[in-house]
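Participant: okay, sequence plus prediction incoming.
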Amino acid sequence: MIVIRFEDSESKRRALGFLAGRFTFKSWVSGELAVPESALAQLATEGIAFSVEGPATYERLIPYV
């Protein structure tokens, strides 16, 4: 999983709409999204602008108990 960030809320909204049903992802209030590496090319093909923050750590991906 790769952590990405969007330039604006419109880009994030478009990305969430595109990703839903196609890829698994995790979203945080901070505006970041963790997506599979294969989703990056698809988002770029759709013309959705984003920046890559880096690989997601295990600690960020596990749910809180």
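Facilitator: Perfect, thanks for sending it. Residues are numbered from 1 along each chain as shown.
Participant: quick one, what contacts Leu16?
Facilitator: Contacts of Leu16 were listed using C-beta atoms under 8 Å, 6 or more residues apart in numbering, and they are Ser27, Leu33. Yep, even glycine has a C-beta here, placed from its N, CA and C like the rest.
Participant: which strand or helix spans it?
Facilitator: helix 9-19 (DSSP states H and E).
Participant: quick one, strands of this protein?
Facilitator: For the chain, applying DSSP state E gives strands covering 2-6, 26-27, 32-35, 50-55.
Participant: for Ile62, which of those is the nearest?
Facilitator: Closest to Ile62 of the strands of the chain is strand 26-27 (C-beta to C-beta; 10.0 Å).
Participant: neighbouring strands of that closest one in the sheet, and parallel or not?
Facilitator: Note on strand 26-27: by DSSP bridges, its sheet partners are strand 32-35 (antiparallel).
Participant: contacts for the partner strand, please.
Facilitator: 1-6, 12, 15-16, 19, 23, 25-27, 43, 53, 56, 60-61.
Participant: go again using 7 Å as the cut-off
Facilitator: Applying C-beta atoms under 7 Å, 6 or more residues apart in numbering, the contact partners of strand 32-35 are 1-5, 15, 19, 23, 25-27, 53, 56, 60-61.
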